[in-house]
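K.L.:
Coordinates for the following, if possible.
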Amino acid sequence: MPRSDVCTICLEPVTERAVVVPCNHLSFDFLCLISWLQEKASCPLCKTSVTQVQYNWSGPDDFTTYDVSDLKKPALSGSSSVRGSRRAYNRRHLARCTPETEQAPAAHEDPALEQRRRVYRNRLFCLHIGANRISQYRDFTAASFASSPDLQSRARAFLRRDLKVFSFLDSASPPRGGNREFLIEYIVAILKTNEPKAANGVAEGLLSEFLGQENACLLLHELEAFLRSPHKTLMAWDRHVRYPGVATSSAT
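P.N.:
Take a look at the predicted model:
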């Protein structure tokens, strides 16, 4: 499928192809289409009821399927919010109450996950490390993220763990309740066109719909720090990440 096509919804180049089932219209970017379907479960072109979305294409028969019936509807308003998913986001819509991160952890919980709970509970932002030859930290852009399977794989691993912190994703009503795997792919799609902490606040704004603004801000800070780091695994990251006023943050 050509990557130079223009998304019918936002009129910008498609970065993550999404195909509508059953009508098979394919001139959509995944992020825009999901935002559209959160408002109305019909194809933007032919108005056919949409049952599934096919995305994450690696080949003609290699893709991921998402059931639209599982989609939770966030509190977005009208077509302008759909375009805002990839254009300048209206920050007046970002006022959200910040949900509690989690109930008390189970006694047998993974110590690493328990440490992540403490990070979000205490609003701890890991210390910034500059990008240079000695630290081996490297900055990245939305374009480099979109073209790097390694960065995307690491992002999914990080999100798969950190999203477990938020128990309301299991039980809350829309927009905060829902499927974590969908949210992982949604965030990955966001980062293919928006940098985590860009001045326009697009990534934070979109994620705030699900996690609340403070949680979204902290999650994106931590995710960016992990992806900039030379550490390929969460275990290595846990051993080296540092927080203000905390001697060590690793789970041993």
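K.L.:
Find the helix or strand that the most centrally placed residue in the chain is a member of.
P.N.:
Nearest to the mean C-alpha position of the chain, by Cα atoms, centre = their mean, lies Ile187 at 1.5 Å. Using DSSP states H and E, Ile187 maps to helix 180-191.
K.L.:
Kindly export the helix or strand immediately after that helix in the chain (C-alpha atoms) in CSV.
P.N.:
Using DSSP H and E, the helix or strand that follows helix 180-191 in sequence is helix 202-211. Output in CSV follows, covering the C-alpha atoms of helix 202-211 (Å, rounded to 0.1, in the frame of the first residue of the first chain):
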residue,chain,number,x,y,z
VAL,A,202,-1.1,17.0,21.1
ALA,A,203,0.2,13.7,22.5
GLU,A,204,-0.6,14.7,26.1
GLY,A,205,-4.0,16.0,25.1
LEU,A,206,-5.1,12.8,23.4
LEU,A,207,-3.8,10.6,26.2
SER,A,208,-5.4,12.8,28.8
GLU,A,209,-8.8,11.6,27.5
PHE,A,210,-8.0,8.2,28.9
LEU,A,211,-5.6,8.7,31.9
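K.L.:
Tell me the gap between the helix or strand following helix 202-211 and the middle of its chain.
P.N.:
Following helix 202-211 in sequence order, the next helix or strand is helix 213-228 (DSSP H and E). On the basis of Cα atoms, centre = their mean, to the nearest Å, helix 213-228 sits 10 Å off its chain's mean C-alpha point.
K.L.:
Domain-wise, how is this structure divided?
P.N.:
17-87, 96-240 (automatic domain parsing).
K.L.:
Now do the shortest one, average pLDDT.
P.N.:
Here domain 17-87 scores 76 as its mean pLDDT.
K.L.:
tell me the strands in this protein, going along the chain?
P.N.:
17-21, 28-29, 52-59, 62-67 (DSSP state E).
K.L.:
Which of these has the highest mean neighbour count?
P.N.:
Among the strands of the chain, ranked by average contacts under mean count of other Cβ atoms under 10 Å, first place goes to strand 28-29 (a mean of 27). C-beta coordinates here come from the backbone N, C-alpha and C atoms, glycine included.
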